[in-house]
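Engineer: Show me how the following folds:
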Amino acid sequence: MIARASALLPVERFAVAPMMDYTDRHFRALFRLLSNDAVLYTEMVTANTLVDATGAPRHGDGARWLRDGDAAGKTILQLGGADPATLAAAARLAKDHHAYAGYNLNCGCPSDRVAGSGCFGAALMRDADRVAECAAAMSAVGPTSIKCRVGVCETVRDLVDDDAQLYDDLAAFVDR
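Structural biologist: Residues are numbered from 1 along each chain as shown. Modelled structure (predicted):
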């Protein structure tokens, strides 16, 4: 089971999910004008973009990818990756230089750019133990959530029509 951080992520009735190429800082600024109470997620930033394998910053404080400027303090940084130490180092960099309310591990992106090439995004759902390790490492830095899908399959033929089986598979993933 994942150790719980002392702080909790903000929970509001209105949240804007992370969307590649959409939820950039300009989009989030617009939605922040609509509501100071909304929880906003960044588009995914890969941990390897921010830090190298030793955890050292690749680009100073990462401002190009991390600058936020959200005075409401309800923006959550979504990170992509599969290495617990690298994800924790990226979250630490964000925590040290930027004001995020928490972090989100991307286990839901089905894009070939993400799931097909780096063993992260939706592909991570095939390795619940690794997800638990990644989430635990990120939780040591701050409040962390996980974006996931109901399940993953290789082809349309692998789809399960049995709702009970889908639920059981998802419950087993979450229980890790």
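
Engineer: can you pull out the strands in the protein?
Structural biologist: In the chain, strands defined by DSSP state E lie at 15-16, 39-41, 45-46, 75-80, 102-107, 144-148, listed in chain order.

Engineer: Check which helices and strands the third one sits against.
Structural biologist: Think strand 45-46. The contact analysis (3 or more Cβ pairs under 8 Å, 6 or more residues apart in numbering; DSSP states H and E) places strand 45-46 against strand 75-80. In this view, the C-beta of every residue, glycine as well, is placed from N, C-alpha and C.

Engineer: mind checking how far the strand it packs on is from the chain centre?
Structural biologist: 5 Å (Cα atoms, centre = their mean, to the nearest Å).

Engineer: Can you give me the distance of the closest residue to Tyr22 other than its chain neighbours to Asn104?
Structural biologist: Closest residue to Tyr22 apart from its sequence neighbours, by Cβ to Cβ, 6 or more residues apart in numbering: Glu43 at 6.6 Å. Look at Glu43 and Asn104: by Cβ to Cβ, to the nearest Å, they are 11 Å apart.

Engineer: Tell me which of the two has more neighbours.
Structural biologist: Per other Cβ atoms under 10 Å, whichever of Glu43 and Asn104 has more neighbours is Asn104, with 25 against 19.

Engineer: can you pull out the helices in this protein?
Structural biologist: Taking DSSP state H as the test, the helices found in the chain are 25-34, 47-50, 63-66, 84-97, 128-139, 163-175.

Engineer: Could I get the average pLDDT for the last one?
Structural biologist: The one in question is helix 163-175. The average pLDDT for helix 163-175 rounds to 70.

Engineer: For the helices of the chain, give me JSON lines that also has distance to Leu9 and mean neighbour count.
Structural biologist: Compiled in JSON lines, those are given as follows (distance: least, Cβ to Cβ, whole Å; neighbours: other Cβ atoms under 10 Å):
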{"stretch": "helix 25-34", "distance to Leu9": "16", "mean neighbour count": "14"}
{"stretch": "helix 47-50", "distance to Leu9": "19", "mean neighbour count": "22"}
{"stretch": "helix 63-66", "distance to Leu9": "18", "mean neighbour count": "16"}
{"stretch": "helix 84-97", "distance to Leu9": "13", "mean neighbour count": "21"}
{"stretch": "helix 128-139", "distance to Leu9": "11", "mean neighbour count": "20"}
{"stretch": "helix 163-175", "distance to Leu9": "16", "mean neighbour count": "12"}
